[in-house]
Structure formats: C-alpha cells, structure tokens
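Asks: sharing a model prediction with you, sequence too.
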Amino acid sequence: MHYKTAESLYTECEGNRWNYLDRARDCSKLTIPYIMPQDGFGSHSRLETPFQGVGARGTNNLASKLLLALLPPNAPFFRLKVDEQKLKEEGAPQEVLSEMETSLQAIEESIMDEVAKEAYRVGLHEALKHLIITGNVLLYMPEDGGLRVFHLDRFIVKRDPMGNVLYIATKEDIAYAALPDVIKEQIGVQKGKDETCSLYTACCLEGDKWHVFQDINGSRVPDSEGYFNLDESPFIPLRFSRIDGEDYGRGYVEEYLGDLQSLEALTKAIVEGSAAAAKVLFMVNPNGTTRPRTLAEAPNGGIVQGSQADVSVLQLNKFNDFRVAQETINQIKERLAHSFLITSAQVRNAERVTAEEIRMLSQELESALGGLYSLLSSEMQLPMIKRLMVILNKQKKLPKLPEDLVQPVVVTGIEALGRGNDLQKLDLFLAGAAQVVGAEAVGSFLNVGEYFKRRATALGIKTSGLMKSQEQLQMEQQQAQQMQMLQQLGPSGINAISKNADTAQKISAQEQQTSE
C-alpha cells in the first residue's frame, strides 16, 4: 500500500481520527483548554474557562511526576549494557569488561549532557500533558537537535493489529513568504505574504526501512526524501494506553471524564447560586407606612418613620440544597485527587499522621501507574535513546558502538518501581530480623557484603571500585591478626619471628641455587 503524496495519505486516514479528536476536546475543555481547542480555533478566538481547577491541577501534577520518573534530573534514565555472556564466549578477560563499563558510563553522561543542552525535558513535559488529556502525541527529533511536539489534530498514525506503526503523516502551516524560491516555482501558485501553505510529511514503513518524504500542493519538496533504519526514525508516536485493534490511544482524563463533568456542573451551580444569594434586596410593603425613598436616602444609623413589618430582605433559603451539592463536590474532588496523585488528598484527616502512612499511600498510588511506565519505556524512552545515539554519531560526538555487544536498557519508570520495592523488602527484612534476634546477632547470620550489593542495585548505584573485594577483606583480616599477635608476643617474640623469617628465606635461597 503506497501513496503518491503525503497529502493523500493524511487525507485518507484523517477520518479515522475524528472520534478521538472529539473526545480529546471534551477532556481538554474540563482540564487545560489550550491543549486541544475546538476546531477552527485561531489567534482571535477565545477559550472557555472551566468553573473548577481540579482537572488542570491534577494534569499538571501527574505530568510533573511522570517527567521526574521517566527523565530524572540527577541520573541517567538508561544504561548501556554489555553482553557479558558473548564477551566470555570470545575469551575476553574480566578487566576488559570493567574498562568497557567505565567507557560506556562516560558515553551515558555525554548523552545526558545533550538532553540537558537541547532542553528535551521542556518538550517532553508538553508531550506528557497531551498524553494525559488526549491520549496521543507525536515527537519529532531532527538531526540538527531539539524536539518538536505534534498535537493530535496535526498528525495521523496507522498501526497493524499488533500495534506496530505502519504510516505516519503530519500537516504544518508554513508562511508562503518563508518558502524558498525553488519550492515557490514548483508550487506554481502565487500567494500573498500573509497567506500560508500546507506542508505534508509522510513516514511509511517499506520492508525494513522507513521512507520519509514531503510535499506541498501535491508537489514533492526537493531533497526531502530519505530512508531510515527501523530504530532510527525521527518520528516517535506515543499513546497513553494501548487498545488492541485501535490506531490511537485513550487519555487518562477520559477515564475520569464522568467525575470531571459532574464536578463542573455542580461547581457552576454553586458559584452561580452563591452569586445570586450574595445579592441583597430590601422589599417594602406597598400598602405600609414605610416609603422606599425614606430607606434609600437614610444615612447609616439615621432615624426614620416607618414600621419594621413593612420591610423584609429577599432570601433564597437554599442552604440545605447547597450543602448537599458541596458534599458531593468534596467526594468527587477526593476521588479525582487520588486518581491524579495529588499528595494532599492522600493524607487522612487526623491530628497525628505518621510519615510511614504518607510513604505507603504514595507508593501504592504510584505503583498503580506501572502499566503506563511500561508502555512509555518501550514506546518513548528506548526510541529516544536510539535516536539520540544516531544523531550524536552523525555529529561526531559519540563513537560507533557495536550493536551485537552493547544495547541501551531503560533503568527508570517501571524498573525503578521494581527496584524501589526490592529496597523496601530488604529494609523490612533487616528491621524484622533485628527485632527478633537483636541487632548484634544479625551479623552472624547475614552476609553483609551481599546485602550491600543488593541494596546498591536497588538504588541503581554501581559498586565497581566502591566496595572492597573478598581478597581485600581477607588480606586486611590477616594483617589485623598479625598485628594482634605481635602486640601479644612483645619485643622478644618479634625478634624470634624475624629470625625465623630470615632463616626461612636463606633456606629457600639455597634450595634454588642447588636446583639450578
């Protein structure tokens, strides 16, 4: 299935996207309206403002947590892992493996410096907001660096039944005046300076290669055609949830759209009702002795003629109704706060709340996002690492690594959650053992070196050169024993040991001469 132009590919697949777009706009309207505005939105259009801010707060909070989990600022989010089994089969010594790991660690740091330099986190934070609200976003990583985010209304994607991407097409509006003269002549249409042209870009899977090309007004853009390997595509389509048989994903907000719609309606009713209740109106009996003009012109604390029975104040008497609505709002807010990992909602309302309670609740809620971490690890982090390595290789900033020996491995997200659970179990085991047999007796049952290794692994720390080897520990123990013996024997014992050592050296020297 081949397309002559990128525009024909985009137009044909565009109809399959409308259902997801409509749903995404409904979700955006109740959270962050500018993420996916209504169709036809322009620079002179106005955005609707929701009556509640829980959706926006939850989206920003969840996007920030995901960004810190997937791209931590203080450590690499991946490791370049060496195939130790293959090295052993080739007869490489252990020293070679240690040297390779040291060199690979320097390469990891270089890649992370490039991530910080190109401000990838800014683009990824925007992408995560789109994923949470609309469920879909497209990343573009050009060879000259940087990161571009395509919104759902600007790209299409086609997948096979297994979820593998077959086609990607994007649509961009470019000012006609900014086009090169060669392209203007090729288009053959004269436009004003303020008019725009639609640039279509297609990325199609052809065999084991990605075929990328662009066209404007049905004409192929010169020097825009190229081929990429399967794991080197500049386009990375992301989805929040994987749904079998569907080309697009569904957003996190869509799962809680009912609560957000109910919260919006109730908050609107409370706000408008409160505004009406705050209005003060005095009513005067038309048949009474009190005149409205007398009340209106009387100063504060003044004395007027009239009857109190002739004057009354308009009251709604809707307190009980407002109270029911407010209690329902509080329940919905609590549910949404738990769903969007808002920390303030995790702590119970009590005078004394322990730190352990807060930690357990936080871990329970973040572990619930394990499925999302798994999907983003395979569809976002790994393709990003591979594309970054390709870009740095072409810019001569990174050496070419043997693909059969070195492969990038993600160490954040679901892997970090798993290591965190291992660390928690280790600490609980050690604390429980200390309570049963005592802290001093634990050392006689526990292999301390192995415990330190497992703890370092759970924290993601490399122990090479940090921890003492078994040979070093034995040597230090022998030296300590010898020092203790020398202190016990005193000066005479030291002289005797030194004489014996000299005698043993002389005997061994004579034996060597005799054998020669």
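Replies: Arrived safely. Numbers count the residues shown, from 1 in each chain.

Asks: where along the stretch 351-500 of the chain do the strands fall?
Replies: 406-410 (DSSP state E, counting those that start in this stretch).

Asks: low pLDDT regions in it?
Replies: Across the stretch 351-500 of the chain, the ranges flagged by pLDDT under 70 are 351-372, 412-423, 443, 454, 456-470, 486-500.

Asks: change it to 80
Replies: For the stretch 351-500 of the chain, the stretches flagged by pLDDT under 80 are 351-374, 377, 401-405, 409-431, 433-474, 476-500.

Asks: please parse this protein into its domains.
Replies: According to automatic domain parsing, the chain comprises the domains 263-366, 474-508.

Asks: the host helix or strand of residue 238: what's the following helix or strand?
Replies: Element membership of residue 238, judged by DSSP states H and E, is strand 235-239. Next along the chain after strand 235-239, taking DSSP H and E as the criterion, comes helix 252-255.

Asks: and that next one, which residues are buried?
Replies: 252-254 (16 or more other Cβ atoms under 10 Å). All C-beta spots, glycine's among them, are computed from the backbone N, C-alpha and C.

Asks: who are the packing partners of that helix?
Replies: In terms of contacts (3 or more Cβ pairs under 8 Å, 6 or more residues apart in numbering; DSSP states H and E), helix 252-255 is packed against helix 18-30, helix 54-70, helix 120-133.

Asks: so which of those helices is the most packed in?
Replies: helix 120-133 (a mean of 22; mean count of other Cβ atoms under 10 Å).

Asks: show me what that helix is packed up against.
Replies: Applying 3+ Cβ pairs under 8 Å, 6+ apart, we find helix 120-133 packed against helix 18-30, helix 54-70, strand 136-140, strand 148-150, strand 235-239, helix 252-255.

Asks: can you list the helices and strands packed on helix 252-255 in a markdown table and add distance to residue 103?
Replies: Listed next are those as a markdown table, based on distance: least, Cβ to Cβ, whole Å:
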| stretch | distance to residue 103 |
| --- | --- |
| helix 18-30 | 45 |
| helix 54-70 | 26 |
| helix 120-133 | 24 |
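
Asks: lowest-confidence stretch among the ones you listed?
Replies: Ranked by mean pLDDT, the helices and strands packed on helix 252-255 bottom out at helix 54-70, with a mean of 87.

Asks: before we move on, back to that, and the buried residues of helix 252-255, which is closest to residue 218?
Replies: The nearest member of those to residue 218, counting by Cβ to Cβ, is residue 254 at 36.3 Å.

Asks: okay but that closest one is in contact with residue 30, surely?
Replies: No: the pair residue 254 / residue 30 is not scored as a contact, 10.6 Å apart, by Cβ atoms under 8 Å.

Asks: can you put the helices and strands packed on helix 120-133 in a markdown table and add distance to residue 216?
Replies: Below are the helices and strands packed on helix 120-133 laid out as a markdown table (distance: least, Cβ to Cβ, whole Å):
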| stretch | distance to residue 216 |
| --- | --- |
| helix 18-30 | 24 |
| helix 54-70 | 34 |
| strand 136-140 | 18 |
| strand 148-150 | 17 |
| strand 235-239 | 19 |
| helix 252-255 | 35 |
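
Asks: which residues of the stretch 151-300 of the chain fall in helices?
Replies: 181-187, 252-255, 257-277, 292-297 (DSSP state H, counting those that start in this stretch).

Asks: residues contacting residue 232?
Replies: Shown in contact with residue 232 (Cβ atoms under 8 Å, 6 or more residues apart in numbering): 210, 386-387, 390.
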